[in-house]
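Engineer: based on what follows, work out the 3D shape:
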Amino acid sequence: MTSPTDDSRSTSSANGAPEWGQYPSAPQQQGAAPSWAADGGSSAPSAPFSAPQSAPQPAAGPSTGPSGYGTAPMSSSDDLGAKISRTFSWMADAFGRNWVAFIVPSLVYSIIPVIGGVILLFGMGLAGAVSAGASSSDSGGAVFGVTMIVSMLVFMVAMFAVSALWMSGMANVAAMSARGEKASVAQGFVGTRLLLPILLTLVLGMVSWIIPVIGPIAVAVLTTFVLPLVALEGLSTGEAFSRSASLVIANLGLVILVTLILTVAMSILAWLILPALASVIAGVLLQFGLYVVAVGRDREAPRLS
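Structural biologist: Predicted coordinates:
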């Protein structure tokens, strides 16, 4: 009887299963464990391994978007048309979900200028009656002139304050929408933390009329992201103004095109609904919509139920 040689370790049994000490001669497919390895080696494969052909590598696809945004192609996030669509989609969603908190305070604030105008006219009539009853025409004219100036100044300051309160309330609701929160009607009347940046923006807007047309447009564009930055990122007013200018420059095409589209749409809608009510709500939603799209927040913000 001849003794088995060392080559017996490399032979196979009749049924093709590897004998004791035998190792598979062909590499297994990458990522796939053989059946005899899955159960701890208690059973052997029924057929010998064969060397697989080199697996084709998947073709390189489009690069993915920023971290945290899933597998959306970068091209979709960089496409201007897609950004415009996302901006208006977010604005519509934010308004639809919190429309009561937008509409009710806006109705109240839009009535205040009407009441103020009636009071102003009444004051002017009273001043005219007083001046007509004065004994001297010169003193009567002076009284009427002073009354007119004072009345107009009071009216302008009151409307300035109303505008700031109104915008702060709308910005507060828009910020809550961006955070996925449901806003109440009371929260739509005032956003205390947003009053300072709003007041500064309004003052800058008035001062910018030193350069007619161009000045106000430049201020309106460069301060587009101030309110969202204060409300959503917690920046101070000064930081928000600086950061807003940088974001606008980086997204200038988006800001200009969306603003123009909205302006044309508002000019048409002004014939159907209250212009002031529509312009304030749409203007604030525009700022937040542009912001969440510019920074990609619309992809990750939770949607309201």
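Engineer: show me what the helix or strand hosting A265 is packed up against.
Structural biologist: Element membership for A265, per DSSP states H and E: helix 252-269. For helix 252-269, the packing partners by 3 or more C-beta pairs under 8 Å, 6 or more residues apart in numbering; DSSP states H and E come out as helix 80-97, helix 214-222, helix 275-294. Where C-beta positions appear, they are placed from N, C-alpha and C, glycine not excepted.
Engineer: ok, residues contacting the first one?
Structural biologist: Read it as helix 80-97. The contact list for helix 80-97 (C-beta atoms under 8 Å, 6 or more residues apart in numbering) reads 76-77, 102, 174, 177-178, 182, 253-254, 257-258, 261, 281-282, 285-286, 288-290, 292-294, 298, 303-304.
Engineer: one step back: ok, which of the helices and strands packed on helix 252-269 comes nearest P197?
Structural biologist: helix 275-294 (11.0 Å; C-beta to C-beta).
Engineer: and the angle from the closest one to helix 252-269?
Structural biologist: 160 degrees (axes from the mean of the first three to the mean of the last three C-alpha atoms, to 10 degrees).
Engineer: give the next helix or strand downstream of helix 275-294.
Structural biologist: helix 297-300.
Engineer: list the contacts for F122?
Structural biologist: Contacts of F122 (C-beta under 8 Å, 6+ apart): none.
Engineer: got the phi and psi for it?
Structural biologist: Dihedral pair for F122: phi -60, psi -40, per degrees, to the nearest 10.
Engineer: any idea how far it is from F155?
Structural biologist: 12 Å (C-beta to C-beta, to the nearest Å).
Engineer: neighbours of S244, how many?
Structural biologist: 25 (other C-beta atoms under 10 Å).
Engineer: what do you get for M156?
Structural biologist: By the measure other C-beta under 10 Å, the count of residues near M156 is 12.
Engineer: buried residues, stretch 166-184. List them.
Structural biologist: 166-178, 183 (16 or more other C-beta atoms under 10 Å).
Engineer: quick one: residues contacting the residue nearest to I281 when sequence neighbours are not counted.
Structural biologist: Distances taken as C-beta to C-beta, 6 or more residues apart in numbering place F102 nearest to I281, at 5.2 Å, with adjacent residues excluded. Going by C-beta under 8 Å, 6+ apart, F102 touches 95, 170, 173, 188, 281.
Engineer: again, only this time at 6 Å
Structural biologist: By C-beta atoms under 6 Å, 6 or more residues apart in numbering, the residues touching F102 are 95, 173, 281.
Engineer: okay, and the second one sits in which element?
Structural biologist: The one in question is V173. With DSSP H and E as criterion, V173 is part of helix 137-178.
Engineer: and after that helix, which helix or strand comes next?
Structural biologist: Next element after helix 137-178 (DSSP H and E): helix 195-207.
Engineer: what does that following helix rub up against?
Structural biologist: Contacts of helix 195-207 (C-beta under 6 Å, 6+ apart): 164, 167-168, 216, 219, 223, 226, 230, 237.
Engineer: swap the cut-off to 10 Å and go again
Structural biologist: 160-161, 163-168, 171, 191, 215-220, 222-223, 226-227, 229-231, 235-238, 240-241, 244, 284 (C-beta atoms under 10 Å, 6 or more residues apart in numbering).
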